[in-house]
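Peer 1: my questions concern the predicted model and sequence given below.
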Amino acid sequence: MRSVVLERRGDAIRFHPTLLELAAHYRFEPRPVALARGNEKGRVERTIRFIRDAFFAARRFHDLDDLNAQADAWCRTRAAERPCPEDRQRTVREVFDEEQPALLALPDNPFPTEERVEVQVGKPLTSASISTITPFPPPTCGAPS
């Protein structure tokens, strides 16, 4: 993803500085998949497809707070009850409950995301970020609705 990886030279990767700030804030290590290794991207892409098809499809919401509330409820119910990809005999909830004690707590202050940059896009697309997937409706993109 060009917006995250600015440059690659062999095994050396130069990440976007804001991604490194986000990673330091939430204490994670960004690890992009290797170039031309489509088999490594499948798990992430299947997860995005699952969210798009099972959560966003035909969903209505009034505002961002409403969407976030619906997403939280969905994550705690339907998404948590699906089989775990690594162990189909257990649910995502069971695996999460087992791993939760080893997870670090989130920081008290959220990462600053107030900066908004207006962009113009030429066709319907989906913007994926670390925390959300936001579909852009055709009127936003200038395509016929």
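Peer 2: Structure received.
Peer 1: which one is residue 79 nearest to, not counting chain neighbours?
Peer 2: Distance criterion CB to CB, 6 or more residues apart in numbering; nearest residue to residue 79, sequence neighbours excluded, is residue 92 at 6.7 Å. For glycine as for every other residue, the C-beta is placed from the backbone atoms N, C-alpha and C.
Peer 1: make that residue 107, sorry
Peer 2: residue 25 (6.2 Å).
Peer 1: cool, and residue 23?
Peer 2: Counting by CB to CB, 6+ apart, residue 30 is the residue found nearest to residue 23 once chain neighbours are left out, at 5.3 Å.
Peer 1: one more: residue 22?
Peer 2: Of all residues beyond its chain neighbours, the one nearest residue 22 is residue 111 (5.5 Å), with distances taken as CB to CB, 6+ apart.
Peer 1: next, count neighbours for the one you found.
Peer 2: As a burial measure, residue 111 scores 15 neighbours (other CB atoms under 10 Å).
Peer 1: distance between the strand or helix carrying residue 8 and the chain's centre?
Peer 2: Using DSSP states H and E, residue 8 maps to strand 5-9. The gap between where strand 5-9 is centred and where its chain is centred comes out at 21 Å by CA atoms, centre = their mean, to the nearest Å.
Peer 1: using PDB, write down the CA coordinates of the helix or strand just after it.
Peer 2: Later in the chain than strand 5-9, the nearest helix or strand by DSSP H and E is strand 12-15. Output in PDB follows, covering the C-alpha atoms of strand 12-15 (Å, rounded to 0.1, in the frame of the first residue of the first chain):
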ATOM      1  CA  ALA A  12      14.500  -2.500   4.300                       C
ATOM      2  CA  ILE A  13      11.100  -0.700   4.400                       C
ATOM      3  CA  ARG A  14      10.500   3.000   4.900                       C
ATOM      4  CA  PHE A  15       7.100   3.600   6.400                       C
END
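Peer 1: now strand 12-15: average pLDDT?
Peer 2: Averaged across strand 12-15, pLDDT comes to 90.
Peer 1: quick one: distance of it to the chain centre.
Peer 2: Worked out by CA atoms, centre = their mean, strand 12-15 lies 21 Å from the chain centre.
Peer 1: show me the contact partners of that strand.
Peer 2: The contact list for strand 12-15, computed with CB atoms under 8 Å, 6 or more residues apart in numbering, reads 4-8, 30, 32.
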